[in-house]
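A.B. asks: Next come a sequence and a model predicted from it.
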Amino acid sequence: MYFCKRKSIDTNDMKKLLFLAAMLLMAGMANAKVVEKTFTVRGHCGMCKNRIETVATGSEGVQEAAYDLQAQSLRLVYDTKVTSANKVLKRIAAIGYDAGRFKAPKEVYEALEPCCHYREIEGVNDHDHGHGEGHHHAE
């Protein structure tokens, strides 16, 4: 029978391992490049706000998304090593909202709830139709 002698790790080896682990961790963090940018996104009611923020925050690499209904703007905090603003804005356009330079497909836009039809309500400042910002419709 063959028995293997187990070598114990001495203090210097442990220090080297900890140093290597710390260097790898810092290298991984150095690769992250988090930016904050604001983009024009069209919406009209509280349901629009919820959908836009949900899709944005559900995008890989997005750390934060806040939609300002009155300003028609989306503030994104995201890691440029993981995603791009264009990827996030395309996802928002794909659910019916014009986002940056990406226009929502007509058939997707038309399938939105009537209160979400921002294109027909050009120039109207009352963005919640009296429903309140948090109104919801059955889907």
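C.D. replies: Sure, I can see it. Numbers count the residues shown, from 1 in each chain.
A.B. asks: Double-check that Glu36 belongs to a helix.
C.D. replies: No: Glu36 is assigned strand when assessed by DSSP: H, G, I helix; E, B strand; the rest coil, not a helix.
A.B. asks: Look at it and say how many residues are nearby.
C.D. replies: 10 (other CB atoms under 10 Å). In short, each C-beta sits where N, CA and C put it, glycine included.
A.B. asks: Just confirm it contacts Leu76, I think it does.
C.D. replies: Yes: Glu36 lies in contact with Leu76 (CB atoms under 8 Å); the separation is 7.0 Å.
A.B. asks: So which residues of the protein form strands?
C.D. replies: 34-40, 62-68, 73-79 (DSSP state E).
A.B. asks: Now do the same for Asp13: its pLDDT.
C.D. replies: Looking at Asp13, its pLDDT reads 78.
A.B. asks: The chain should start at 6 in everything you say after this.
C.D. replies: Got it, first residue is 6 now, which makes that one Asp18.
A.B. asks: Quote the end-to-end distance of stretch 105-123.
C.D. replies: Stretch 105-123 stretches 15 Å from its first residue to its last (CA to CA, to the nearest Å).
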